[in-house]
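Need coordinates for the following:
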Amino acid sequence: MFTGIVEELGVVDKIQRDVNLATLSLRTKIVGRGIKIGDSVSVDGVCLTVTRKNGGQLLFDVMKETLEKTTLGDLKVKKHVNLERALKVGDRISGHFVTGHIDGVGEITKITRGKNYAEMHIKTARGLLQYIVPKGSICINGVSLTVGLVGKNHFSFFLIPYTNEVTNLGSKKVGQRVNVETDVLAKYVLNRYEK
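Now for the predicted structure:
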């Protein structure tokens, strides 16, 4: 379980591809501290298990399913990824409950930048939009955000300068893909009332 509050931008050191698997090696400064093999880390919103550790370098085995259903399959060496360690009991929850189980991938269709803000529009599958409501919570690339507008096949959110600086969303461009996790509470509520 995570909160969507990014702790640092990690750097992709190496990606080793094998049959049905890739090993992802990330360089960290903060997140690597106190992490043990077997711990969970949110990598661009995807919950991954630390399989090896070498100082500030963390290694993760990423299954074929994860590579195909998230943006982790698009990663390249030297790219930055949003990192967050798993929530500890008793920690403050500054974002919202985030599982690290990606619901789908969205495409950035529009970015409007102004003084001290940015607005990003994401096109995604209609099936996901039923869980997205204006002013509700959404997790994009592991970042807890508040939904702005919701349309027929897209939604938007706003970024404050701080979020632009400390996450990789600030460097994203139109046409790029992002990981989308809808609010887990919305899923439970909708599932309850659909029956």
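
so what's the nearest residue to D183 once chain neighbours are set aside bridging to?
Taking C-beta to C-beta, 6 or more residues apart in numbering, and ignoring the residues beside it in sequence, D183 has S137 as its nearest neighbour in space, at 4.5 Å. Where you see a C-beta, it was placed from the backbone N, CA and C, and this is true even at glycine. Listed beta-bridge partners, S137: T146 (assigned using DSSP bridges).

so S137 sits right up against V143, yeah?
No: with the criterion set as C-beta atoms under 8 Å, S137 and V143 do not qualify as a contacting pair; they are 10.9 Å apart.

shared neighbours of those two, which are they?
Between them, S137 and V143 share these contacting residues under C-beta atoms under 8 Å, 6 or more residues apart in numbering: G4.

how close does G127 sit to N168?
Using C-beta to C-beta, to the nearest Å, one obtains 26 Å as the distance from G127 to N168.

ok, how many other residues are close to L21?
As a burial measure, L21 scores 13 neighbours (other C-beta atoms under 10 Å).

Buried residues, the biggest helix by length in the chain. List them.
For the chain, the helix that runs over the most residues, judged by DSSP state H, is helix 184-194. By neighbour count on 16 or more other C-beta atoms under 10 Å, the buried set for helix 184-194 is 184, 186.

Could you do stretch 6-19 as well?
Buried positions in stretch 6-19, judged by neighbour count with 16+ other C-beta under 10 Å: 6-12, 15.

which residues does the residue nearest to D183 contact?
With contacts defined as C-beta under 8 Å, 6+ apart, the neighbours of S137 are 4, 95-96, 144-147, 183.

run the last query once more with 7 Å
96, 144, 146, 183 (C-beta atoms under 7 Å, 6 or more residues apart in numbering).

And the next helix or strand past the helix or strand harbouring the second one?
So the one you mean is S144. Following DSSP states H and E, one finds S144 within strand 143-150. Downstream of strand 143-150, the next assigned helix or strand under DSSP H and E is strand 154-159.

that older thread, which of the contacts of S137 are buried? Put it as a ChimeraX command.
With 16+ other C-beta under 10 Å as the burial test, the buried ones among those are selected in ChimeraX as follows:
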select :96,144,183
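
would you turn the contacts of S137 into CSV with pLDDT?
Putting these into CSV (pLDDT from 0 to 100) gives the following:
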residue, pLDDT
H96, 90
S144, 97
T146, 96
D183, 90
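
ok, which stretches of the protein are strands?
In the chain, the strands defined using DSSP state E lie at 8-18, 21-27, 40-43, 46-54, 57-63, 80-85, 104-114, 117-123, 137-140, 143-150, 154-159, 177-182.

Reformat those strands as JSON lines; add distance to V189.
Compiled in JSON lines, these are given as follows (distance: least, C-beta to C-beta, whole Å):
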{"stretch": "strand 8-18", "distance to V189": "33"}
{"stretch": "strand 21-27", "distance to V189": "34"}
{"stretch": "strand 40-43", "distance to V189": "24"}
{"stretch": "strand 46-54", "distance to V189": "22"}
{"stretch": "strand 57-63", "distance to V189": "30"}
{"stretch": "strand 80-85", "distance to V189": "25"}
{"stretch": "strand 104-114", "distance to V189": "19"}
{"stretch": "strand 117-123", "distance to V189": "22"}
{"stretch": "strand 137-140", "distance to V189": "13"}
{"stretch": "strand 143-150", "distance to V189": "15"}
{"stretch": "strand 154-159", "distance to V189": "18"}
{"stretch": "strand 177-182", "distance to V189": "11"}
